[in-house]
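# Generate coordinates for the sequence data below:
(2 chains)
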Number of protein chains: 2
Amino acid sequence: MTNKLDSPNFKDVLRAQHDLTGLVKKTPLMTSSILAEKASVSRLWFKCENLQNTGSFKFRGATNALCKLSKEGLLHAVATHSSGNHGSALASAARAKGIPAHIVVPKNAPYIKKTAILSYGARVTECAPTLAAREIALKKVVTSNKASAIHPYNDAHVISGQGTVATEILDEAPDADVLLVPVGGGGLLSGCALAVKHINPKVLVVGVEPKGADDAARSFKAGEIIPQESPNTVADGLLTSLGELNFPLIQTYVDDIVTVDDQTILDAMYLIWTRMKQLVEPSGAVTYAALLKGYKNFEGKKVVAVLSGGNVDPKFFLTSRQITS
Amino acid sequence: MTNKLDSPNFKDVLRAQHDLTGLVKKTPLMTSSILAEKASVSRLWFKCENLQNTGSFKFRGATNALCKLSKEGLLHAVATHSSGNHGSALASAARAKGIPAHIVVPKNAPYIKKTAILSYGARVTECAPTLAAREIALKKVVTSNKASAIHPYNDAHVISGQGTVATEILDEAPDADVLLVPVGGGGLLSGCALAVKHINPKVLVVGVEPKGADDAARSFKAGEIIPQESPNTVADGLLTSLGELNFPLIQTYVDDIVTVDDQTILDAMYLIWTRMKQLVEPSGAVTYAALLKGYKNFEGKKVVAVLSGGNVDPKFFLTSRQITS
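This next block holds a predicted model:
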């Protein structure tokens, strides 16, 4: 089995697909003729990972990482630092396996996210809101609980788990021409690109990133990881920089990375809410934003846009919209 | 064929099911273990009519009414007065058939609803915001365009069309014990009850109504139609009084009608938005509100709650919640 610190291969994705059957939801591919028309594409599907357990695709990677724990690992606990979807996903996946999850959460994390993590039965440790403080707190928790640390994206099993989003898509829409995937740390994009290019290399894989956190686009062009400094975007799930395992996979298998501005992200989100009746978070709406803005010419193409998650306070939308428009 | 002014029978529902195939969406039955747990039921399905074309079940009835038009009727136009979902539904259904739709809309109707009706290609006539003015304006439009008037609920074909919500449900969840259905004019409730009691009379059919527009509950108890005076509720789709064709069907086939207060409707809506990631309108959330409040003891039962529509301005929710809580 591929070690979690090695680069995953396509077999790892297929194994994840097998292991995750019955544990994660096979989310629907939805269509919307109105949204397709506005995007000037010939066909448009949305992969609704907002309907995944815990409200985001992160549940796939977290569950796959748990499936790959050693017998020894399963006797103890898992841990991570996260203020968002990975924290909830790991908490819920661990509860399903019957082992404790310890989540290190920065003190300034939104109340609603802390509450979600607690509602999945995790033990929450608060720390100062810096990366250094988060890593120190995680180390302590790992040592004192003999816990296995599960990284949100820089982990072979997490990447392989996220790749099952793409295998499900191509299973149901084998004639798709283009796959649009949000990119933050790169777990979802690297896993999906790895899968797509082994199933049908003709399908274009395009990452979509907010302009205010565009390290992946810059790194992709430069050919080396350029970490993100002071990210600033409404897409709070895409603030992180690319991981070391993720970047080479993205270089090898991704065709392009495009960026979208915050106002277009909010417009896309508004259309998805009101026309498709799907609650998606800003990070989940970036793929449709790319189509709205016509960053790439996909006219006449059959496009799949991944809606990566739906964890957003209904009040957030109104506030942000007032601020930015 | 049953005349549109006669009471429909179960064969009309079956014929509607046949005629609507391919024209209306077979909407998904979704589940949520968290929402089921909060409601203390053993199993809970949501029939997602918020995902129906034009965002509500009304598209079924409107499309069925159009399917039943005479050759003569199809040469001209259809018309109705509506400030809400029936207007959009009829507009879209008529466009699909290639005939014009004239919708009489009160001047004070929300901008967003008028825009929706226009976006489906209808011709909008404005009138004063009284029932008398609406009826006069509709009569004019009908005469000058040789249009067929399609009533939102007091019409046999509309009722039969709405009944297909129930046939789809029992097809997919034949072991359901209870069906919860919102009630305003009674088109959806009468059609669903008619269908359910002919398929499996053991299934309980319960109507759910907002306390601030409880004419159906009062009429059901009194054994005669007691029209609604000055309705006042956040559930803007359920303000109307029971129709004359609908009431006898409800008396014959419905087991009970319960009422829910506005705050519980908003709480239910909040949970459906944030936990299920489904945008539902207040009128669509009343069925889950009934479970939250425990108005009827459904403990241990397998329950289907119809989410009747999703046409709501995301801003509405915040505003209402601030006002009422």
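# Enumerate every residue touching the residue in the stretch 1-150 of chain A that chain B sits nearest to.
Nearest residue of the stretch 1-150 of chain A to chain B (CB to the nearest CB) works out as residue A:50 at 4.6 Å. Where C-beta positions appear, they are placed from N, C-alpha and C, glycine not excepted. When contacts are counted by CB atoms under 8 Å, 6 or more residues apart in numbering or on different chains, residue A:50 touches A:56, A:278-281, A:284, A:307-310, B:277.
# Also residue A:166?
A:13, A:179, A:191-193, A:195-196, A:199.
# Filter those residues down to just the ones in strands.
Among those, the subset assigned to strands under DSSP state E consists of residue A:179.
# Which members of the contacts of residue A:166 define the maximum pairwise distance?
Pairwise distances across those peak at 14.2 Å for A:13 and A:179 (criterion: CB to CB).
# For those two, indicate the residue with more neighbours.
When neighbours are counted by other CB atoms under 10 Å in any protein chain shown, residue A:179 comes out ahead of the other of residue A:13 and residue A:179, with 29 against 26.
# Surely the more buried one is in contact with residue A:199?
No: Residue A:179 lies out of contact with residue A:199 (CB atoms under 8 Å); the separation is 10.7 Å.
# for chain B, what are the nearby residues on chain A?
A:28, A:30, A:50-51, A:55, A:270, A:273-274, A:276-280, A:310, A:313-315, A:317-318 (CB under 8 Å from any CB of the partner chain).
# how's chain A carved up into domains?
Split into domains by automatic domain parsing, chain A comes to A:10-56+A:155-324, A:77-145.
# End to end on the shortest one, go ahead and measure it.
In terms of CA to CA, to the nearest Å, the two terminal residues of domain A:77-145 are separated by 7 Å.
# and that domain, what's its mean pLDDT?
For domain A:77-145, mean pLDDT rounds to 92.
# Give me the distance from that domain to the chain's centre.
17 Å (CA atoms, centre = their mean, to the nearest Å).
# and what of the longest one?
Between the centre of domain A:10-56+A:155-324 and the centre of its chain there are 7 Å (CA atoms, centre = their mean).
# if we can go back for a sec, would you list the buried entries among the residues of chain A next to chain B?
Neighbour-count burial (16 or more other CB atoms under 10 Å in any protein chain shown) applied to those gives A:28, A:30, A:50-51, A:55, A:273-274, A:276-280, A:310, A:313-314, A:317-318.
# Report the beta-bridge partners for residue A:46.
residue A:30, residue A:305 (DSSP bridges).
# who's in contact with it?
Contacts of residue A:46 by CB under 8 Å, 6+ apart are A:29-32, A:35, A:272, A:276, A:278, A:288, A:304-307.
# now for stretch A:194-207, what's the gap between its first and last residues?
First residue to last in stretch A:194-207 (CA to CA) measures 13 Å.
# what is the mean pLDDT for it?
On average, stretch A:194-207 scores 98.
# Could you list the residues in contact with it?
A:8-10, A:13, A:159, A:163-164, A:166-167, A:170, A:174, A:176-183, A:186, A:189, A:192-193, A:216-217, A:220, A:249-250, A:252-258, A:290, A:296.
# and the residue lying closest to residue A:6 once chain neighbours are set aside, what does it touch?
Among residues not flanking residue A:6 along the chain, residue A:156 sits closest, at 5.6 Å (CB to CB, 6 or more residues apart in numbering or on different chains). The contact partners of residue A:156, by CB under 8 Å, 6+ apart, come to A:2-8, A:12, A:245.
# Reformat those residues as CSV; add neighbour count, distance to residue A:84 and pLDDT.
As requested, the contacts of residue A:156 are exported to CSV (neighbours: other CB atoms under 10 Å in any protein chain shown; distance: CB to CB, whole Å; pLDDT from 0 to 100):
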residue, neighbour count, distance to residue A:84, pLDDT
A:2, 16, 26, 88
A:3, 11, 26, 90
A:4, 21, 21, 90
A:5, 11, 23, 87
A:6, 11, 26, 92
A:7, 17, 25, 96
A:8, 25, 23, 98
A:12, 24, 25, 98
A:245, 23, 20, 97
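# quick one, helices of the stretch 101-250 of chain A?
Here the stretch 101-250 of chain A has its helices, by DSSP state H, counting those that start in this stretch, at A:111-119, A:131-145, A:156-172, A:187-199, A:215-222, A:246-253.
# Please identify the deepest-packed of the ones you listed.
Per residue and on average, the most neighbours among those fall to helix A:187-199, with a mean of 28 (mean count of other CB atoms under 10 Å in any protein chain shown).
# Tell me what angle it forms with helix A:246-253.
30 degrees (axes from the mean of the first three to the mean of the last three CA atoms, to 10 degrees).
# ok, the nearest residue to residue A:50 once chain neighbours are set aside to residue A:278 distance?
Counting by CB to CB, 6+ apart, residue A:50 lies nearest to residue A:310, which is 2.9 Å off, once chain neighbours are set aside. Between residue A:310 and residue A:278 the computed distance is 7 Å (CB to CB, to the nearest Å).
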